[in-house]
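J.: here is the input, now give the coordinates:
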Amino acid sequence: MSELNIVDLIENNPITRLTNTYQNKLLVKIKDNFDDTEQQLFISSFYCYLNYNKTDFIIDLDNVWVWLGFSQKDAAKRVLEKNFKLDIDYKIFAPPTCGAKKMLEKNFKLDIDYKCLLSLEVKQTNVGRGGHNKEKIMLNIRTFKMLCLKAGTKKASQIHEYYLKLEETLQEVIEEESNELKQQLESKDLQIKSQEEKLNDNENTKIALKEKTILEHFPNNTQCIYYGTIDNLSNNGEKLVKFGNSNNLKNRIYSHKHTYSNFRLINAFKVDNKLQIENAIKEHNGLNEKRREITIKNKKFNELLTIQNMSFNELDKIIKEIIKDIEFSPENYTKILEENKILKKQIDQMNKTNHTNTVVLLTVENNRLKQENIKIMKKYNKLKVQKGILCDDILLQEEPEPVKHEDIGNYTEVINKLKFFTKNIDGTYNIGGNTYNSVYGSRQDVWDGKAYQTTGKLIKQDFILGKYGKIISKTKSIQSFVSNNLFKSVNNE
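T.: Next up is the predicted model:
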């Protein structure tokens, strides 16, 4: 490593030599606020920083001890020995003996195998004293700077002041550049934010235009399946899409925009059976596991899909395949006919079974009601007889006769016979829906409708007009006819 004359560097390099190349705040402040000596110190330090390693032994003590303000080299050497470590912070090189020097020169090449770092000149240190070989003390850059601070000379005080001033200047520069950098970052953030807002505006405009275009293709009463994005997230923080069916897409989208956060229509598909296709979407193996449920204002919504790891193109493809599978085709038509045939058969069988069961149940219930009604009519008539409304010896039994099976079969006839008699205020009677002057009367009164029955309890239906216009009993007429025919038959024999 070549030797550096640091004093010459400091004294002959003013700051102006660097300002044209390094125009920055620090140099400007140093030029404006530092005196020439301080500027030279900075230049020397900066030069060493650029060209040497701080541990390189490149500074000769002989070149700096006078500049540092020492009266003798030994004083500077004592400061070195007291504050620094030999062979680490500095090195001492003794001059080689004459024989050693000749051996080096004979066997090795100068500046390749060895360097002659020591001056072999013999100098007089004091007048009148004999000459002697000079030892060379080499310092590294860091040791030189520390020696400047520890020298205890006037120059050391100046250098102390320089470092303090330099530190303050560096702090000012750091703060100013930090503020400038902060302003630049803030300005950059504003630019980025503005750009993002423009992009968002463009994206929102694009989405709004797409939504408008889709709605124009789905007028009222057009069945469709649709889906759109929302800003609401699932319970696990997943992004969601809302899907559904409608035959008034415009109104449905308007409603969703007031229900969900930032609903945006993405796509819609015309269909002929929206409910069936929506159910197929819900039951689809790939989509069913992506179903989610959220709560908005205490109301649950579950026609939602997470779109994690799924693109809109993939979702479109699945929906189109579902529609294709369900919509009309010869194969689907045949399949539907077969399914309808099976269902119709099952329904007929169920109806048949249900009707049979219903008829049995109704028959049993009807018979029960008939039996109860007959019992009630008999009890009611008995009560009427007891109160003098009717007079009928048969009804005066202690207990009504039990209802017989044949009574239920002849329900209408039995009921008509049991219908109670009601006496009106004018003395007439309502019996069986007809009005009579009396309950009992002659055959003629019964036939003329003035009386309900004869004392023998024959009613009008029990009589007929005979051959000569006489009112006769049907039963006796039939018996007489049979007897006469039988008599004639016997006589003829």
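J.: let me know the average pLDDT across stretch 336-355.
T.: In this model, stretch 336-355 has an average pLDDT of 80.
J.: please apply the same query to stretch 87-102.
T.: 72.
J.: remind me, longest strand of this structure?
T.: Ranked by residue count under DSSP state E, the longest strand found in the chain is strand 224-233.
J.: send the alpha carbons of that one over as CSV?
T.: This file holds the C-alpha atoms of strand 224-233, laid out as CSV (Å, rounded to 0.1, in the frame of the first residue of the first chain):
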residue,chain,number,x,y,z
CYS,A,224,-83.1,-15.9,-15.5
ILE,A,225,-80.4,-17.1,-13.2
TYR,A,226,-77.9,-14.4,-12.0
TYR,A,227,-75.0,-13.7,-9.7
GLY,A,228,-73.1,-10.7,-8.5
THR,A,229,-70.3,-9.7,-6.1
ILE,A,230,-70.9,-8.1,-2.6
ASP,A,231,-68.5,-6.6,-0.1
ASN,A,232,-70.0,-8.5,2.8
LEU,A,233,-67.6,-11.3,3.9
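J.: extract the residue ranges of this structure that are flagged as low pLDDT.
T.: The chain contains residues with pLDDT under 70 at 1-26, 38-50, 95-133, 328-333, 354, 357, 377, 380-422, 479-493.
J.: care to break it down by domain?
T.: 6-94+135-180, 217-327 (automatic domain parsing).
J.: Leu190: which of the ones you listed is closest?
T.: Across these, Leu190 has its closest neighbour in domain 6-94+135-180 (15.5 Å, CB to CB). Just so you know, the C-beta spots here come from the backbone N, C-alpha and C atoms, and that holds for glycine as well.
J.: looks like Asp89 contacts Ile141 (just checking).
T.: No. The pair Asp89 and Ile141 does not pass the contact test of CB atoms under 8 Å, sitting 10.7 Å apart.
J.: which of these two has more neighbours?
T.: Taking neighbours as other CB atoms under 10 Å, Asp89 and Ile141 compare with Ile141 leading, 21 against 18.
J.: which ones are touching that one?
T.: Ile141 makes contacts with Cys48, Tyr52, Asn53, Lys54, Thr55, Asp56, Ile58, Ile59, as judged by CB atoms under 8 Å, 6 or more residues apart in numbering.
J.: my guess is the last one contacts Ile137. True?
T.: No. With contact defined as CB under 8 Å, Ile59 does not reach Ile137; the gap is 9.4 Å.
J.: in terms of neighbours, single out the busier of those two.
T.: Ile59 (25 against 19).
J.: surely the more buried one is within a helix?
T.: No. Ile59: not assigned to a helix; according to DSSP: H, G, I helix; E, B strand; the rest coil it is strand.
J.: thinking again about what came up before, what do Asp89 and Ile141 both touch?
T.: With CB under 8 Å, 6+ apart, Asp89 and Ile141 have no common neighbours.
J.: would you map the helices across the stretch 251-400 of the chain?
T.: Along the stretch 251-400 of the chain, counting by DSSP state H, counting those that start in this stretch, helices occupy 274-283, 285-288, 312-326, 330-386.
J.: go through those helices and pick out the most buried.
T.: Mean neighbour counts were compared across the helices of the stretch 251-400 of the chain using mean count of other CB atoms under 10 Å; the top stretch is helix 274-283, at a mean of 16.
J.: give me the contacts around it.
T.: 223-225, 243-247, 271, 287-288, 291, 303, 319, 322-323, 325-326.
J.: still on that earlier bit, using PyMOL, define a selection of the buried residues within the contacts of Ile141.
T.: Selection of buried members from the contacts of Ile141 for PyMOL, criterion 16 or more other CB atoms under 10 Å:
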select buried, resi 48+52+56+58+59
